[in-house]
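Trainee: how would this look folded up:
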Amino acid sequence: MKHPTFPGRYLALVAAAVFLGGAHGAEPLALRGIMVQLGADLQAVTDAIAREDWPRVADIAPRIGDHPEPPGDEKARILQFLGADAGRFRGFDEATHHASEALREAAARGDGAAVIAAFADVQRGCLGCHEQFRKPFIEHFYGEH
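Mentor: Presented below is the predicted three-dimensional model:
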């Protein structure tokens with residue numbers, strides 16, 4: 001499998017650093033590494049869509065929807081921080097999971113229009129979560145404003 005090009009990997013790393021900070025010496029959450037990999041996978045899907053490489057899209061899509069979870073102690077810290085918003089956070093993750101499954105299915109059928117629609121749903125799930133939670137995460141876990 002072809003790995004993302006340098007610019008794609010670089011953008012994924014920058015996106016993850018922006019999402020979860022770490023510039024002030026705070027130990028990065030494992031979630032940061034998960035975000036880095038998700039960024040790389042999203043870049044790879046974008047590249048595969050541009051090339052109409054549907055088998056590659058179908059191969060990558062499950063890695064987006066079934067991404068690893070943080071270790072138990074970190075997950076507990078995150079859920080404690082989220083409090084009543086934990087359900088909304090999980091909702092974004094679940095929506096992204098379902099959209100990535102639709103992405104895989106569309107790619108397996110070779111249905112380019114459905115691939116693009118499903119990928120837009122994946123991106124909407126990511127964006128919604130980032131808009132709601134990125135800044136509070138960075139402020140809480142890294143003390144950045």
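Trainee: So what touches stretch 61-78?
Mentor: 29-31, 34, 37-38, 41-42, 45, 96-101, 103-104, 107, 122 (C-beta atoms under 8 Å, 6 or more residues apart in numbering). C-beta here means a position set from N, CA and C on the backbone, and glycine is covered the same way.
Trainee: name the helices or strands packed onto the longest helix along the chain?
Mentor: For the chain, the longest helix by residue count, based on DSSP state H, is helix 112-142. With contacts taken as 3 or more C-beta pairs under 8 Å, 6 or more residues apart in numbering; DSSP states H and E, helix 112-142 sits against helix 6-20, helix 30-50, helix 54-65, helix 72-82, helix 86-109.
Trainee: any idea how far Ile64 is from the residue most central in space within the chain?
Mentor: Centroid-nearest residue in the chain, with C-alpha atoms, centre = their mean: Leu38, separated by 4.1 Å. Using C-beta to C-beta, to the nearest Å, Leu38 is found at 6 Å from Ile64.
Trainee: okay, and the common contacts of the two?
Mentor: Joint contacts of Leu38 and Ile64 (C-beta under 8 Å, 6+ apart) do not exist.
Trainee: For Pro70, what is the enclosing helix or strand?
Mentor: Using DSSP states H and E, Pro70 is not contained in any helix or strand.
Trainee: how about it, phi and psi?
Mentor: phi -60, psi 160 (degrees, to the nearest 10).
Trainee: Specify the angle between the longest helix of the chain and helix 86-109 in degrees.
Mentor: Angle, helix 112-142 to helix 86-109, by axes from the mean of the first three to the mean of the last three C-alpha atoms, to 10 degrees: 150 degrees.
Trainee: and helix 112-142, average pLDDT?
Mentor: Average pLDDT, helix 112-142: 95.
Trainee: and if you look at stretch 85-101?
Mentor: 96.
Trainee: contacts for it?
Mentor: With contacts defined as C-beta under 8 Å, 6+ apart, stretch 85-101 is touched by 61-62, 64-66, 79, 82, 118-119, 121-122, 124-126, 128-129, 132-133.
Trainee: filter these to the buried ones?
Mentor: For the contacts of stretch 85-101, a neighbour count by 16 or more other C-beta atoms under 10 Å gives the buried set as Ala61, Ile64, Gly65, Leu82, Ala118, Phe119, Asp121, Val122, Gly125, Cys126, Cys129, Phe133.
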